[in-house]
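Student: After the sequence you'll find the predicted model.
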Amino acid sequence: WVEALRNVGFAVFAKPKIGDDSDVDPDMLDHIRRRRDEGILEGVVVASADGQNFQEMLEELENSRIPTTVIGFREHAAWAVNSDIIEFVDLEDIPGVFREPLPFDQLQGEAFWRVDDHGWQVSAPLIEVANEDGRAKARLLLLGGEGGAPFMDLRAQVTDAYSTHLSRYLPVPVLPPSVLSWLDRAGIRSKVPQADLILYGRLDEFPYTRNNGLFLVQADFADLSLDYHAGWPPVEAATGQLRFLGNSMAIRVDSGRIHGATIESAVARIDRLGGEPLLIDGQVRGSGQQYLAFLQAMPVVGDGLREQLAAMELTGSHPLEISLNIPLKPGARVQLQGSVTLEGADYRLPKWDLALDQLQGVVQFDERGVTAQQVVGFYRNVPVTLSAETIRQSERERIRLSGHLRAPPAVLLRDAPPPIIKGETSWQVRLL
């Protein structure tokens, strides 16, 4: 490798590191002085995790009107940052790499800079960093020139992290504003056992939908909190995986909680970043009371329905399926579809002294209200078939419950004087 570089005209300095005095810096400094004395030195660029041994020489060159530049990380090159005459370029400040300067408590690695007639190149074969969010290893190659946008090859892996700043580590300058805004509002907080990032391609061709590059972020998460939409019950204590691929995003939830109920599985996705809504499909299991509380908490529910739901009681544990269509544009209306499969539930409406037992069937709900057909159960030990619909009454939504049963009059009129009618008959009962 050394010989190959020398054969194409590069000076290469390599020696075994066997002691404190076996460094290549003195050889490199001697080479710079020789080039200066020969009158062919046009400039010097130093890319190093430290590089302080070059300070005196660089200041001499600057005083001789030979331009110098130091490339590195601000946290580890204070000597160059504080110099009045040496130009310092922070790798984090190169446009298109990160959304904001990254805070490092520890940083180790080397970076290399080259400029020639064909353009410029920045490379960092291995960078190891650590901060309050965790530890990461990365390598970076950034190529640029006068002909267009930079080409980036960025690979990174994070391990054993806990982050409240997930969007900080995404190459968000190339993500659509609507997606960035959603990431900020979502307030993602999570443990991250492992996360991997690959960005390979010209930055002006992101997100590489024509097989002209690759953008991939894949993060396993645990104990995730996600405020997927303002005013809706958040997802809590979730485990699963976050994945950005090209111009799409998907969050797979394997377990978690929402409004006290257990999430058995769920997927949240954006099929085209910046152009499609957030779609959520989930399967949840919880108690009847948790479902009633969840329905009350939904922002699309009006005050009339909310008051009526608060007066109900529902026992048992039941599965729920829910689908949400959430536009990322501010002010757009959320679309909702869901269903609860009742598995032997007991329903109570104390205000009307109504008790229905062992209910079986499906109750559906959307942003307009609650509906049900062919829900079966028992009323005072008599089989009953129920239906429900949401109506608008005096500018307020109400759930109208209807029941059909065949029973003696005394079953329905238990507290009234015995009627003169005997035997059984069919009853249609409607509760507004």
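Tutor: Right, received. Where do you want to start? Being a predicted model, the structure only gives us computed values, none of them experimental.
Student: Sort out which residues of stretch 279-286 are buried, please.
Tutor: Buried residues in stretch 279-286, counted by 16 or more other C-beta atoms under 10 Å: 279-280, 282, 284-286. Any C-beta I mention is one placed from the backbone N, CA and C, and that applies to glycine too.
Student: How many residues are close by the nearest residue to residue 382 once chain neighbours are set aside?
Tutor: Once flanking residues are discounted, residue 382 sits nearest to residue 407: 4.3 Å by C-beta to C-beta, 6 or more residues apart in numbering. When neighbours are counted by other C-beta atoms under 10 Å, residue 407 registers 17.
Student: swap in residue 358?
Tutor: By other C-beta under 10 Å, neighbour count at residue 358 equals 15.
Student: Return the helix or strand containing it as PDB; C-alpha atoms alone will do.
Tutor: Taking DSSP states H and E as the criterion, residue 358 maps to strand 354-366. C-alpha atoms of strand 354-366 as PDB (Å, rounded to 0.1, in the frame of the first residue of the first chain):
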ATOM      1  CA  LEU A 354     -79.500  -1.400  32.400                       C
ATOM      2  CA  ALA A 355     -77.400  -4.600  32.600                       C
ATOM      3  CA  LEU A 356     -76.500  -6.700  29.600                       C
ATOM      4  CA  ASP A 357     -74.400  -9.900  30.200                       C
ATOM      5  CA  GLN A 358     -72.000 -12.200  28.300                       C
ATOM      6  CA  LEU A 359     -71.900 -10.000  25.200                       C
ATOM      7  CA  GLN A 360     -70.400 -11.500  22.000                       C
ATOM      8  CA  GLY A 361     -69.800  -9.600  18.800                       C
ATOM      9  CA  VAL A 362     -68.000  -6.700  17.100                       C
ATOM     10  CA  VAL A 363     -68.300  -3.000  17.900                       C
ATOM     11  CA  GLN A 364     -66.900  -0.700  15.300                       C
ATOM     12  CA  PHE A 365     -65.800   2.900  15.600                       C
ATOM     13  CA  ASP A 366     -64.400   5.700  13.500                       C
END
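Student: could you say what helices and strands the biggest helix by length in the chain packs with?
Tutor: The longest helix of the chain (DSSP state H) is helix 25-37. Applying 3 or more C-beta pairs under 8 Å, 6 or more residues apart in numbering; DSSP states H and E, we find helix 25-37 packed against helix 55-63.
Student: what separates the helix it packs on from the chain centre, distance-wise?
Tutor: Mean C-alpha position of helix 55-63 versus that of the full chain (C-alpha atoms, centre = their mean, to the nearest Å) differs by 47 Å.
Student: if we can go back for a sec, follow the chain on from the longest helix of the chain and name the next helix or strand.
Tutor: With DSSP H and E, the next secondary element past helix 25-37 is strand 44-47.
Student: so what does that following strand touch, helix or strand wise?
Tutor: Counting contacts by 3+ C-beta pairs under 8 Å, 6+ apart, strand 44-47 packs against helix 55-63, strand 68-72, strand 112-116.
Student: and the first one, which residues are buried?
Tutor: Read it as helix 55-63. So for helix 55-63, counting by 16+ other C-beta under 10 Å, buried means 55, 57-58, 61-62.
Student: same question, the last one
Tutor: The neighbour-count criterion (16+ other C-beta under 10 Å) identifies residue 113 as the buried residues of strand 112-116.
Student: List of residues touching it?
Tutor: Identification of contacts with strand 112-116 by C-beta atoms under 8 Å, 6 or more residues apart in numbering yields 45, 47, 69, 71, 120-124.
Student: With just CA atoms, put it into PDB.
Tutor: Taking C-alpha atoms only, strand 112-116 is exported to PDB below (Å, rounded to 0.1, in the frame of the first residue of the first chain):
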ATOM      1  CA  PHE A 112      -7.800  13.000   6.000                       C
ATOM      2  CA  TRP A 113      -8.300  15.900   3.600                       C
ATOM      3  CA  ARG A 114      -7.100  16.200   0.000                       C
ATOM      4  CA  VAL A 115      -7.600  18.800  -2.700                       C
ATOM      5  CA  ASP A 116      -6.500  18.400  -6.300                       C
END
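Student: Next, the angle strand 68-72 makes with that strand.
Tutor: 140 degrees (axes from the mean of the first three to the mean of the last three C-alpha atoms, to 10 degrees).
Student: quick one: strands adjacent to strand 112-116?
Tutor: According to DSSP bridges, strand 112-116 forms sheet pairs with strand 119-131 (antiparallel).
Student: Make sure residue 3 is indeed in a strand.
Tutor: No. Counting by DSSP: H, G, I helix; E, B strand; the rest coil, one finds residue 3 to be helix, located in no strand.
Student: if I look at it, how far off is residue 23?
Tutor: 22 Å (C-beta to C-beta, to the nearest Å).
Student: Residue 299 too?
Tutor: Taking C-beta to C-beta, one finds residue 299 at 65 Å from residue 23.
Student: what's the average pLDDT for stretch 351-370?
Tutor: Averaging pLDDT along stretch 351-370 yields 88.
Student: before we move on, back to that, of the contacts of strand 112-116, select the buried ones using a PyMOL command.
Tutor: The following PyMOL line selects those of the contacts of strand 112-116 that are buried, judged by 16+ other C-beta under 10 Å:
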select buried, resi 45+47+69+71+121+122+123+124
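Student: bridging residues for the residue lying closest to residue 229 once chain neighbours are set aside?
Tutor: Among residues not flanking residue 229 along the chain, residue 326 sits closest, at 5.1 Å (C-beta to C-beta, 6+ apart). Per DSSP bridges, the residues bridged to residue 326 are residue 278.
Student: Residue 326: neighbouring residues, count only.
Tutor: Applying other C-beta under 10 Å, I find that residue 326 has 20 neighbouring residues.
Student: residues contacting it?
Tutor: When contacts are counted by C-beta under 8 Å, 6+ apart, residue 326 is found next to 228-229, 277-280, 334.
Student: Let me know the pLDDT of it.
Tutor: On pLDDT, residue 326 comes in at 87.
Student: what's the answer for residue 155, then?
Tutor: Looking at residue 155, its pLDDT is 92.
Student: for the one 4 residues further on, same thing?
Tutor: Reading off the per-residue confidence, residue 159 sits at a pLDDT of 88.
Student: Pull the distance from the helix or strand it falls within to the chain's centre.
Tutor: Under the criterion of DSSP H and E, residue 159 resides in strand 148-163. Counting by C-alpha atoms, centre = their mean, strand 148-163 is centred 16 Å from the centre of its parent chain.
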